[in-house]
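Q: Structure of the sequence below:
(one chain, ligands or ions: 2)
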Amino acid sequence: MNPTAVKLAPSILSADFARLGEQVRAAEAAGADRIHVDVMDGHFVPNLSMGPVVVKALRPVTKLPLETHLMIEEPDRYIEAFAQAGSDTLIIHVESAGDLRQTLRRVKALGKKVGVTFKPATPVSAIEAVLPDVDLVLVMTVEPGFGGQKFRHETLAKIREVCELIGKANLNIELEVDGGIDATTTPLVVAAGARVLVAGAAVFGAPDGVAAAMGRLRQAATVA
Ligand code: DX5
Ligand code: ZN
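A: Ligands and ions are numbered 1, 2, ... in the order given. Next comes the predicted model:
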């Protein structure tokens with residue numbers, strides 16, 4: 001596997017928020033391909049995290065794309081605010097959007113990339129119809145809501161299924177995974193077809209620092 005074929009998206013949910021800018025710069029210096037921003041509203045998931053102000057504050061700190069994972073009810077109410085704050089990609093949960101296709105189109109109309117995602121219990125068939133409308137599919141490999149959870153191995157079959165659908169339709173869609181990604185699970189998800197890996201705890205929770213942690217993930221992706 002060509003190491004440049006797999007992209008790394010550190011999730012700032014596990015970063016030290018007292019020095020968030022510094023942590024994002026460290027991730028960029030260590031070769032991150034994008035920064036993953038987890039937005040939670042305490043309703044769609046039982047946790048609260050951050051809003052557009054954080055995206056706005058990070059925008060001048062990094063040249064990397066900022067991808068925003070919206071784990072919120074009524075995403076339509078907030079997509080414009082995130083677009084204006086500087087998000088490059090908005091990722092929408094199929095379980096949260098009223099009219100999913102319309103929400104995806106609204107994001108595109110704002111000049112942004114759009115992704116669709118779904119919880120572990122939601123079948124791949126729930127996103128199949130909108131594949132032609134998205135730039136990215138994010139397969140959740142843990143239940144959304146918290147960083148540092150254990151990878152759910154039953155999601156590997158879903159990664160393979162999405163990979164096949166994208167291949168069959170010959171669509172230019174990135175296949176990303178999110179949750180419990182570390183040096184042990186990386187070879188599994190890459191072998192299943194994932195090409196963008198979100199990692200929070202494995203990057204920002206590593207005792208030997210962000211650069212060493214990202215080196216381990218790259219290495220694990222290479223040997224997959
Ligand atoms: C979970 C979030 C993830 C999370 C991943 O709800 O969507 O992006 O930060 O964290 P780790 O890599 O720690 O499982
Ligand atoms: Zn996420």
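Q: any idea how far the nearest residue to Asp88 once chain neighbours are set aside lies from ligand 2?
A: Distances taken as C-beta to C-beta, 6 or more residues apart in numbering place Pro65 nearest to Asp88, at 4.0 Å, with adjacent residues excluded. All C-beta spots, glycine's among them, are computed from the backbone N, C-alpha and C. Distance from Pro65 to ligand 2, counting by C-beta to the ion, to the nearest Å: 14 Å.
Q: Identify the residues contacting Pro65.
A: The contact partners of Pro65, by C-beta atoms under 8 Å, 6 or more residues apart in numbering, come to 33-35, 88-89.
Q: Please report how far it lies from Val142.
A: Per C-beta to C-beta, to the nearest Å, Pro65 is found 23 Å from Val142.
Q: Then Thr186?
A: Thr186 is 15 Å from Val142, where distance means C-beta to C-beta.
Q: Which one of these two is surrounded by more residues?
A: Neighbour count, other C-beta atoms under 10 Å: between Thr186 and Val142, Thr186 has more, with 27 against 20.
Q: is any part of the one helix or strand Glu22 maps to close to ligand 1?
A: Assessed by DSSP states H and E, Glu22 sits inside helix 20-29. No - using C-beta under 6 Å from any ligand atom, we find that helix 20-29 stays clear of ligand 1, coming within 12.9 Å at best.
Q: Return the residues of the protein in contact with ligand 1.
A: Residues of the chain lying near ligand 1 (C-beta under 6 Å from any ligand atom): 11, 13-14, 36, 38, 69, 142, 144-149, 178-181, 198-202.
Q: Tell me which residue in this structure sits closest to ligand 2.
A: Evaluated by C-beta to the ion, the chain has His69 as its residue closest to ligand 2, separated by 3.7 Å.
Q: In three-state terms, label Asp33 for me.
A: Following DSSP: H, G, I helix; E, B strand; the rest coil, we place Asp33 in the coil state.
Q: Which parts of this protein are helices?
A: With DSSP state H as the criterion, the chain has helices at 20-29, 52-58, 79-85, 100-109, 125-128, 156-169, 186-192, 201-204, 210-222.
Q: picking that back up, from the contacts of Pro65, list the buried ones, please.
A: Buried members of the contacts of Pro65, scored by 16 or more other C-beta atoms under 10 Å, are 33-35, 88-89.
Q: what's near enough to touch Leu48?
A: Residues near Leu48 by C-beta under 8 Å, 6+ apart: 40-42.
Q: are any of the residues you listed buried, and which?
A: Neighbour counting with 16+ other C-beta under 10 Å marks 40-41 as buried within these.
Q: Please convert the contacts of Leu48 to TSV, extending it with pLDDT and distance to Leu136.
A: As requested, the contacts of Leu48 are exported to TSV (pLDDT from 0 to 100; distance: C-beta to C-beta, whole Å):
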residue	pLDDT	distance to Leu136
Met40	98	19
Asp41	98	21
Gly42	98	25
